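Engineer: Got a predicted structure here, sequence first:
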Amino acid sequence: MAFASPLEFTTQLSSTAKRSNLPVLLPQSVGPTKPVRRSVSAYTSQNGAVPRRPVQRLRVAYQGVPGAYSEFAAKTACPDCTAVPCKAFIDAITAVEAGYADRAIVPVESTLEGTTVRNYDLLLHHDLRIVQEINLFVHYCLLAMPGVRKGELKKVISHPVALAHCGRNLNQLGLNGEAVDDTAGAVELLLSNRMLDTAAIASSRAALLYGLNVLAHGFQDESWNVTRFLILSKDPVVARLSLFGLKTSMVIAHSGMMLTVLLGVLSAFSSRNINLTKLEMNPSSEVDGPISILDVQGGGSIKEFPHVVFVDFEGSVDEQKVKDAIDEISKLSVFVRILGCYSADPNIYDLH
């Protein structure tokens with residue numbers, strides 16, 4: 001089910017989070033396919049024809065376990081894909097770099113929480129390109145073991161963001177939240193330990209997959225709860241055809257006065273009638289220090305800046321007016337890196 005209304009996110013300031021160093025945790029059955037040498041006769045039918053080899057399904061890495069919202073977003077964006085579960089977002093990124101997956105999907109912002117800065121930092125630290133976006137309506141449910149009622153609950157477990165989105169309803173029930181790695185992982189924990197005094201906040205699909213009872217639908221505090229996901233790839237090819245038009249994402253960094261840069265960015269785009277859909281400044285912090293960016297055009301060196309600006313705009317980097325705008329911005333002695341050019345899908349997809 002899709003809603004035609006576009007998702008609009010508000011511009012806000014945010015802080016940088018440190019990159020995770022967790023190891024890659026992937027199913028043993030998923031990995032790079034080793035070439036197998038076979039003679040032509042092994043593929044030849046009785047009439048001498050050589051049938052086509054089956055096309056390998058796209059492998060999309062996501063953070064979580066089956067039943068997670070990221071898995072549903074992956075299946076919605078790439079319906080015929082094989083979803084590859086990973087322990088952490090950095091694991092999903094590394095899976096693509098190592099060839100264990102073709103794509104990685106990460107949530108980057110939501111209507112309730114704003115920008116997930118840590119995941120945007122992953123874009124800065126790795127040489128992957130945005131090739132697709134998808135907006136997913138997140139509908140939280142309160143799940144429990146069969147036969148358990150609300151009055152028997154003592155606590156609720158889920159991902160920290162899900163707990164934050166449902167804080168008011170948790171308070172009304174007098175329940176404390178306990179954070180775990182992800183929503184579907186909370187369901188697995190509930191089942192494996194047969195926790196009869198605990199509920200999990202997860203999706204209705206997770207309830208079906210794991211055989212749990214839904215004690216409450218729409219458990220989030222605000223009815224309008226949409227998360228934007230980005231699909232990442234090592235493939236640098238720029239999208240050229242799209243039913244919805246194209247969108248380009250870029251990051252701009254500068255060591256001097258950021259206000260001057262912001263005014264220059266606005267002037268470069270507005271003078272060419274290029275519509276901005278996102279303009280967000282990310283300053284450094286005393287705790288995390290300067291913001292590091294991988295310079296993919298400069299031999300893979302790491303550069304540091306006191307602040308960066310994330311920009312999304314309508315159009316393709318192949319358009320001359322876009323090239324002229326980027327050239328004008330670059331002349332301000334700033335660092336510019338294109339994060340991807342992809343289809344600007346305005347739909348909001350529902351889990352139901």
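Structural biologist: Received it, and whenever you're ready, just let me know what you need.
Engineer: Where does residue 265 sit, in terms of helix or strand?
Structural biologist: Assigned by DSSP states H and E, residue 265 belongs to helix 258-270.
Engineer: Just the helices from the stretch 251-352 of the chain, written as ranges.
Structural biologist: Assigned by DSSP state H, counting those that start in this stretch, the stretch 251-352 of the chain shows helices spanning 258-270, 320-330.
Engineer: Confirm for me that residue 167 is in contact with residue 222.
Structural biologist: No - when contacts are counted by Cβ atoms under 8 Å, residue 167 is not listed as touching residue 222 (10.8 Å). Where you see a C-beta, it was placed from the backbone N, CA and C, and this is true even at glycine.
Engineer: How about residues contacting the helix holding residue 265?
Structural biologist: The contact list for helix 258-270, computed with Cβ atoms under 8 Å, 6 or more residues apart in numbering, reads 252, 254, 275-276, 279, 281, 306-307, 309, 311, 313, 325-326, 328-329, 332, 334.
Engineer: how close does residue 272 sit to residue 196?
Structural biologist: Going from residue 272 to residue 196 by Cβ to Cβ, to the nearest Å gives 62 Å.
Engineer: least reliable of the helices of the stretch 251-352 of the chain going by mean pLDDT?
Structural biologist: Note on the helices of the stretch 251-352 of the chain: helix 258-270 shows the lowest mean pLDDT, a mean of 90.
Engineer: Distance from that helix to the middle of the chain?
Structural biologist: Once both centres are worked out by Cα atoms, centre = their mean, to the nearest Å, helix 258-270 turns out to sit 28 Å from its chain's centre.
Engineer: hmm, back to that, now, of the contacts of helix 258-270, which are buried?
Structural biologist: Among the contacts of helix 258-270, those classed as buried by 16 or more other Cβ atoms under 10 Å are 252, 254, 279, 281, 307, 309, 311, 313, 325-326, 328-329, 332, 334.
Engineer: Show me where the stretch 201-350 of the chain dips below the pLDDT cut-off.
Structural biologist: By pLDDT under 70, the weakly predicted segments of the stretch 201-350 of the chain are 237-242, 284-288.
Engineer: Kindly recompute the last result at 90.
Structural biologist: The stretch 201-350 of the chain contains residues with pLDDT under 90 at 205, 222-225, 235-245, 254-262, 280-292, 296-301, 306-308, 331-334, 344-346, 350.
Engineer: Break down it into its strands, ranges please.
Structural biologist: For the stretch 201-350 of the chain, applying DSSP state E, counting those that start in this stretch gives strands covering 213-217, 226-233, 246-253, 276-283, 291-295, 301-305, 307-314, 335-343, 348-350.
Engineer: Many thanks, we can stop here.
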